[in-house]
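Participant: pasted the sequence and its predicted model underneath.
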Amino acid sequence: MNGLFITIEGPDGAGKTSILTELFPLLKKVAKAKIIQTREPGGIPIAEKIRALILDPENDRMDERTEALLYAAARRQHLVEKVLPALAQGKIVLCDRFVDSSLAYQGAGRKIGVCAIAQLNEFATEGTAPDFTLYLDVDSDTGLRRIAENRQEQIDRLDSEGLEFHQRVRHAYLKLAEENPGRIYKIDARKSFEEVLQTSYRAIVEQYPQFFEN
């Protein structure tokens, strides 16, 4: 891979997608290579259809392993159709979620097991991993409160899970960050939006001067 693969992770309510929306144009101004923004699950038509199926609140009978397999399937198609070709062309890929999300949500949240989910995604991605990951950390109480206040019309099947589920997800993320200090950069997402945005921006630009003007 000649490009740069950056992912943004965080539990529900961390503000991840909002930060990415503002971060992308800032990075685009200083990028030395073409930069694209995408998301998981989704990013391409097939994966977006799988996303709708997974997150639909009406699919409340979906088995945990079915959910994990669908995420892996969406990830595989997104990877081969969009991410890997972009990286091969030397582009910078900024992606909302990747394998870490599955490890946290299905591995820990659904109690399938982090190792089992890691093996599934190793098959799906053939070992592809991000170069750098921003992890926006927020406690579960704050995250759920933000969801209740700001996303009443957009609450999906995972948002509606209880506090213990979201606590398991967060703890898994924290463990991943602890185990991968060279890749995962932890940011306190309880701070103001502008502080989180600027910290995210500086973390990427300073880490990769070969890709960004500083």
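Facilitator: Done, it's in. Predicted, not measured: the structure shown is a model, and the values here were computed from it.
Participant: now the strands: where do they sit in the protein?
Facilitator: 4-9, 35-39, 92-96, 132-137, 184-188 (DSSP state E).
Participant: how far off strand 35-39 does the first one point, in degrees?
Facilitator: Going back to what we said before, that points to strand 4-9. Here the directions of strand 4-9 and strand 35-39 differ by 40 degrees (axes from the mean of the first three to the mean of the last three CA atoms, to 10 degrees).
Participant: again, but for the third one
Facilitator: Taking the same axes, to 10 degrees, one finds strand 92-96 and strand 35-39 inclined to each other by 20 degrees.
Participant: just the C-alphas of strand 92-96, formatted as CSV.
Facilitator: C-alpha atoms of strand 92-96 as CSV (Å, rounded to 0.1, in the frame of the first residue of the first chain):
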residue,chain,number,x,y,z
ILE,A,92,-5.3,9.1,1.9
VAL,A,93,-8.3,7.2,3.2
LEU,A,94,-10.2,8.6,6.2
CYS,A,95,-12.7,6.0,7.4
ASP,A,96,-15.4,6.2,10.0
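Participant: elements contacting it?
Facilitator: In terms of contacts (3 or more CB pairs under 8 Å, 6 or more residues apart in numbering; DSSP states H and E), strand 92-96 is packed against strand 4-9, helix 16-30, strand 35-39. (C-beta placed from N, C-alpha, C; glycine too.)
Participant: follow-up on the earlier one: now the strands of the chain in CSV, with distance to Arg110?
Facilitator: What follows is the strands of the chain, written out as CSV (distance: least, CB to CB, whole Å):
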stretch, distance to Arg110
strand 4-9, 17
strand 35-39, 21
strand 92-96, 20
strand 132-137, 20
strand 184-188, 21
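Participant: of those, which is nearest Gly162?
Facilitator: strand 132-137 (19.9 Å; CB to CB).
Participant: next one: the closest one to chain centre, how far?
Facilitator: Centroid separation for strand 132-137 versus its chain: 8 Å, with CA atoms, centre = their mean, to the nearest Å.
Participant: the helix or strand bottoming out on mean pLDDT in the chain to strand 132-137, inter-axis angle?
Facilitator: Using mean pLDDT, DSSP states H and E, helix 140-150 stands out as the lowest-scoring helix or strand of the chain, at a mean of 86. Relative orientation of helix 140-150 versus strand 132-137 (the same axes, to 10 degrees): 90 degrees.
Participant: would you put the C-alpha positions of helix 140-150 in CSV?
Facilitator: The C-alpha trace of helix 140-150 is given here as CSV (Å, rounded to 0.1, in the frame of the first residue of the first chain):
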residue,chain,number,x,y,z
SER,A,140,-21.2,5.3,28.5
ASP,A,141,-23.5,7.5,30.6
THR,A,142,-22.4,10.7,28.7
GLY,A,143,-22.6,8.9,25.3
LEU,A,144,-26.1,7.6,25.9
ARG,A,145,-27.3,11.0,27.1
ARG,A,146,-25.9,12.7,24.0
ILE,A,147,-27.8,10.1,21.8
ALA,A,148,-31.0,10.7,23.7
GLU,A,149,-30.6,14.5,23.3
ASN,A,150,-29.4,14.7,19.7
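Participant: name the residues that touch that helix?
Facilitator: Contact with helix 140-150 is made by 11-15, 138, 155, 159, 163, 166-167, 169-170, 190, as judged by CB atoms under 8 Å, 6 or more residues apart in numbering.
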